[in-house]
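Colleague: the amino acid sequence is not available; the structure is as follows:
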C-alpha cells in the first residue's frame, strides 16, 4: 500500500474512531444509570458524594468530546499538511489518549482522582499550549506576517486551544471527583464557578475561531452566523453564573447550554453539507473532506456546552461550589 | 455530452443550455424576427452579456447574438490546452504595423460569454485620475464619466460576480469590502510578495472573479490552474455563468452561432435591425435599437462593414475615429528560477499583484502606469514561451522544461497610449461568411517603450530580491484590446457619448472595451461591465423620459411565463 493510501486510511480511521467514541460518550450520557456494571451508582441520589462524582463524569464527557473533536480535526488538517513536521503527530496521539482517559473517567464511579488521568489531562493542556505556539510561529513566518491572508490560510491559531480546554476540563473533573467529602475546590476557588468561567471563556475563544473562518467563507450561508451569535450569549450566561450568588437555578442558562450542545452537533451536519458544495461533492470525498469546512470542528461547542451543564449541575448540588 | 456546439445551435426552440447541469436546459423566451425587439445586442461578453442582463431585468425585450458556440463548461471543457484553443477567435485577420499584435488567447474570445470564458479573472478598478488623464495627468484623453459614479458601478459588478479580494485594498480611495475573501497564495504569488517586501512597495491578493466559497449552483475554485483555458468547474464567474443565466431568466433571448454581418440603416437615418448568419443562411432581426458589443476588433469591423450610401465611411463614423485609437496593453514578463519548487500552475494564474506603479507618479520617465502580477503558465504555453521568446528548441528546450516546477514570473499589464495610427480597418479579403476581414495595425510609441523598459528593470530587481536566478525577460507581448470607438464629450472627437450612444445614430449604441478613451494599467473587464451597468441605467432613464426608441419597459420575466420546456 502506498503511503498516501495509508494516510487516507489513518485519517479515516481517526475520524471513525472519534465518531464511535463520541456516540458512546453521548449514549453514556443518556443511558439509565445503574442499569449495568458494578461501578454505576443509583440515580437521583443527591448526596454530595454522588453529585461530585456525577459532575466529574460529566466533565470527563465534555473533555472527551473536545478530545474527539481534536483527534478528528487534527488528523484531517495535519494529514492535509502532509505531517511535514513530525511534531504534527503529537496532537493525534495526545487527543487519542485524552479521549481514552475520558471514556475511562466517564465509566468510573469512584470518588478519587486518578493519577494517570491527571497526568494525561495535564499533558493535553501542555500540548494545547505548545501547539498554539507552533501555530503562531507558522503564521508569523509566512510572507506578510500576521495578515488576514495568513490567519485565514496558515495554521489555525485557535485550534490547539481545544485540546488545552479538554485538558483543563479533565483536570477540573479530577479535582471535583476527589472533593467528594469536602467542598469542591479548584486551586482554592469554588469548582462550579471556576468550571463555568473556563467553559465560558472557552466558548468565547471558540467563537473567535469560528468567526474568523466563517468570515473567510464570507458568511455565504446565513446559518454560518449561528456559531458567532449563540455561543457568546452562552458565554455571558456562564460568566454571569460564575460571578453570581448562590441559590440561583440557572434554568435559562441550562437551556441555552442544551441549545449550544445541539448547535455543535448540527454544525457537523452543516459542515457535511459544506463538503458537498465542493466540486464532486461527497463522491469526491477524499479531496473535499480536506477542502471543505472541517467536519469535527463544531463539536468543540458541544464539548464546552456539556462542561457548562456540568458546572451548573455542580452549583445546584453544591451552592457554595 | 450533449451535441457539438460548433455545428448545431443550442439556444433555440424556447430553451437554452443550463450551464450548471450537464445536458440540462433552461426555458428561454424567443422573439420573432419580423417584430422589432427593443434591443438587438451583438456580442455576449463582458459588455453585451452584462447589458443584456440588465436591460432584460429592466423589462426591455432583448435578443443577444453571438458568433460563437454556447458551451456547457461542466461537460464541454477539457483539461487540455490544445483542445481549449476552441475558445479563441481565430478567424482570418491581418496584423501589421511595427509591432503586430498576436491575436488569440490574450485578446479574443468566440463563445457565448465572449472573452470572459477564458479571461484571467483579474477584476481591478481603474485609478480615479485615469478618467481625467488629460486634465490631471497630462496624457491621453478625458473620459466623460465621473470616477465616483463609476465607483458605485464597480461595487455593483463586484457584488454580481462575488469577487474574491483582499480584506482591505492598499491603493486608491476607499471601496466596499470585496464580497468574498481572497484565495490562498500559491508559490508564485509568495515570490511576488517577497520581492515587493524587499523593495519596500505594497502588494496584495489579486481581486479575482473566481469563487473562494460556494455560490448558488457554482462550486468554489479547486485551484486546478486551467482558468485561462476555460474553467470546467464553474468557479469562474464569467458572463456565461453569471449575467447570461440572469438575462435568460429575465426574458432575454440568446442566439448562439449567430454571426452579425451588417447593421441595417433605414432611410430615416436610424438603424432597424441586424443581418446575421445562422444555420447556414442570412437572417434579419428587426430591432428598435442595436447595441454593438463585439470588442475592439469586431465592433469597428461591423460598423465599417455596415457602410451605406448615407454613411459611406461606416456607421457612427462622422468623426472618422471608428477603428482608430486601438489600444493594447503591454504584457511583458520577467522570468526566473527558484531553488525550491514553485509549481506556479496551481491555482489562478495571478494570485498576487502590485499596483504600485499605477498610483505612484514619482520616479517615472513615462506617462501612464502598470501593475504586475504573479504568473502560472500551463506547460504547453510555457514551452511556447521558451521557444518564441527565448529561442529554445530541441535539447535545450527539453532541458529548460525540466525546470518547469521551479519557474517564477512577473508580468505587467501596462498602459499604452492612444494613437490614431493604431487602428482596425477592413482588408479586401473576405472570411467564411463573405465579410471583409479586419486589418489590425499596431506600433508602440516611445512612451510605450519607456514604460516597458521601466517595468522590466523593476521586475528584474523584484525577482532578484525574491532570490531567483537565471533571470531573463520576455519583451514582446501584449494583451487586452480597447479603444476603436472611444467615448467622449464632443461628437467631433469621439464615437459615442458617456451613455455609449452613438453621436450620429441615436438608436445605435456601442458597449464594450471599444469605448475606452484610455486603458490604464489594469485589466479592463471590471470597467467594461461597470460601464454596461451604467449604460443600462441610463437607457432606462432615457426611456422613462421618452427619449428612447423603445417600448415602455415591462416588468415581466420568463419565470412568470408557462415553462413549456423543462429541464431534461
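Modeller: That came through, no problem. As the structure is a computational prediction, the values presented were derived from the model and not from experiment.

Colleague: enumerate the residues of chain B near chain A.
Modeller: B:162, B:166-167, B:179-182, B:184-185, B:190, B:193-194, B:197, B:205, B:212-215, B:219-220, B:222, B:233, B:235 (Cβ under 8 Å from any Cβ of the partner chain). Glycine gets a C-beta too; all of them are placed from N, C-alpha and C.

Colleague: mark which of those residues are part of strands, please.
Modeller: If you go by DSSP state E, the residues of chain B next to chain A have B:180, B:181, B:205 in strands.

Colleague: tabulate the residues you listed in TSV, adding columns for neighbour count and pLDDT.
Modeller: Formatted as TSV, those follow (neighbours: other Cβ atoms under 10 Å in any protein chain shown; pLDDT from 0 to 100):
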residue	neighbour count	pLDDT
B:180	27	98
B:181	22	98
B:205	26	98
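
Colleague: any chance of a markdown table for those, columns distance to residue A:217?
Modeller: Listed next are those as a markdown table, based on distance: Cβ to Cβ, whole Å:
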| residue | distance to residue A:217 |
| --- | --- |
| B:180 | 8 |
| B:181 | 7 |
| B:205 | 16 |
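
Colleague: just the ones in helices from the residues of chain B next to chain A, please.
Modeller: Per DSSP state H, helices hold the following members of the residues of chain B next to chain A: B:190, B:193, B:194, B:197.

Colleague: what about stretch B:434-444, distance to the chain center?
Modeller: Distance, stretch centre to chain centre, for stretch B:434-444: 19 Å (Cα atoms, centre = their mean, to the nearest Å).

Colleague: ok so, going back, using PyMOL, make a named selection holding only the buried ones among the residues of chain B next to chain A.
Modeller: To isolate the buried members of those in PyMOL, using 16 or more other Cβ atoms under 10 Å in any protein chain shown:
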select buried, chain B and resi 162+166+167+179+180+181+182+184+185+190+193+194+197+205+212+213+214+215+219+220+222+233+235
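
Colleague: and the closest residue in space to residue B:370 that isn't next to it in sequence, how many neighbours does it have?
Modeller: Excluding the flanking residues, the one nearest residue B:370 by Cβ to Cβ, 6 or more residues apart in numbering or on different chains is residue B:414, at 3.7 Å. When neighbours are counted by other Cβ atoms under 10 Å in any protein chain shown, residue B:414 registers 29.

Colleague: residue B:414 reaches residue B:366, doesn't it?
Modeller: No: the pair residue B:414 / residue B:366 is not scored as a contact, 9.3 Å apart, by Cβ atoms under 8 Å.

Colleague: now do the shared contacts for those two.
Modeller: Residues touching both residue B:414 and residue B:366 (Cβ atoms under 8 Å, 6 or more residues apart in numbering or on different chains): residue B:451.

Colleague: what strand or helix carries residue B:479?
Modeller: Per DSSP states H and E, residue B:479 falls inside strand B:478-482.

Colleague: what about the stretch 51-200 of chain A, any weak spots by pLDDT?
Modeller: By pLDDT under 70, the weakly predicted segments of the stretch 51-200 of chain A are A:180-181.

Colleague: from the chain's centroid, how far away is the strand or helix carrying residue A:77?
Modeller: Taking DSSP H and E as the criterion, residue A:77 maps to helix A:48-80. In this view, helix A:48-80 has its centroid 5 Å away from the chain centroid, taken as Cα atoms, centre = their mean.

Colleague: next: stretch B:527-538.
Modeller: Stretch B:527-538 sits 14 Å away from the centroid of its parent chain (Cα atoms, centre = their mean).

Colleague: any idea which element residue B:244 lies in?
Modeller: Using DSSP H and E, residue B:244 falls in helix B:243-249.

Colleague: mind giving me the packing neighbours of that helix?
Modeller: Contacts defined by 3 or more Cβ pairs under 8 Å, 6 or more residues apart in numbering or on different chains; DSSP states H and E place helix B:243-249 against strand B:25-27, helix B:48-57, strand B:253-255.

Colleague: following the first one, which helix or strand shows up next?
Modeller: Moving toward the C-terminus from strand B:25-27, the first helix or strand encountered (DSSP H and E) is strand B:37-42.

Colleague: outside of that following strand, which residues touch it?
Modeller: Outside of strand B:37-42, the residues within contact range by Cβ under 8 Å, 6+ apart are B:31, B:48, B:51-52, B:55, B:60-65, B:260, B:263, B:273-274, B:285-294, B:302, B:511, B:550-551.

Colleague: pretty sure residue B:430 sits against residue B:437.
Modeller: Yes: using Cβ under 8 Å, residue B:430 is in contact with residue B:437, at 6.6 Å.

Colleague: out of these two, which sits in the busier spot?
Modeller: Between residue B:430 and residue B:437, counted using other Cβ under 10 Å, the more crowded position is residue B:437 (20 against 12).

Colleague: quick one, grab the pLDDT at that one.
Modeller: Here, the pLDDT recorded for residue B:437 equals 97.
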